[in-house]
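Asks: just the structure for this:
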Amino acid sequence: MNSQTMKLEVLVLPVSDVDRSKGFYEKLGWRLDADFVTSEDFRVVQLTPPGSECSIIIGTGVTSAVPGSVQGLHLIVYDIETARAELVDRGIEVSEVFHDVGGIFHHAGTEGRISGPDPKRRDYSSFASFSDPDGNDWLLQEVKTRAPGR
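Replies: Numbering: from 1, shown residues only. Have a look, this model is predicted:
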């Protein structure tokens, strides 16, 4: 058994306009943890979703990835419809709630989406999606009771 604890705490997202992206994530209601500028070529902005132990970092000189290239980031919520409505109330464009045709996990892009939450309201099976201004793709995923060991 591995005695080392490894926690995912930061995801670096590639963005083209740091201030625009910072404003977008603040509009989501995310906490601004840091905004450090050390030069014209290096800026680090850290934001954290409510209740999350994992943050994102956006900035200048923090990644060589193409802006908008990160796909499939999941934000776990207790009630998908309430979470979606809160984002819409904040002016965020969010897809309708959907479940996947296969019933297990969503396909890439919009393939296999069936409108509405999972008919049995199974945990891990209902989603809604949105993107940041560059196209980094996020999904809300409903989980009321975690599977054992998770």
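
Asks: domains in this structure, by residue range?
Replies: 7-64, 71-150 (automatic domain parsing).

Asks: now do the end-to-end distance for the shortest one.
Replies: The distance separating the two terminal residues of domain 7-64, taken as CA to CA, to the nearest Å, comes to 23 Å.

Asks: may I have the phi/psi pair for residue 113?
Replies: phi -80, psi 130 (degrees, to the nearest 10).

Asks: if you drop the residues flanking it in sequence, what lies closest to it?
Replies: In this structure, residue 113 finds its nearest non-sequential neighbour in residue 98, 4.3 Å apart by CB to CB, 6 or more residues apart in numbering. In this view, the C-beta of every residue, glycine as well, is placed from N, C-alpha and C.

Asks: would you map the strands across this protein?
Replies: 10-12, 31-39, 42-48, 55-60, 73-77, 98-100, 113-115, 127-131, 137-142 (DSSP state E).

Asks: residue ranges with poor pLDDT in the protein?
Replies: 1-2, 149-150 (pLDDT under 70).

Asks: report the beta-bridge partners for residue 74.
Replies: residue 139 (DSSP bridges).

Asks: stretch 111-121 spans what distance, first to last residue?
Replies: Note: stretch 111-121 ends 20 Å apart using CA to CA.

Asks: likewise for stretch 99-119?
Replies: With CA to CA, one end of stretch 99-119 sits 8 Å from the other.

Asks: so what touches it?
Replies: By CB atoms under 8 Å, 6 or more residues apart in numbering, the residues outside stretch 99-119 that reach it are 71-72, 80-81, 95-98, 122, 124-127, 139, 142.

Asks: now with 6 Å, please.
Replies: 96-98, 125-127 (CB atoms under 6 Å, 6 or more residues apart in numbering).
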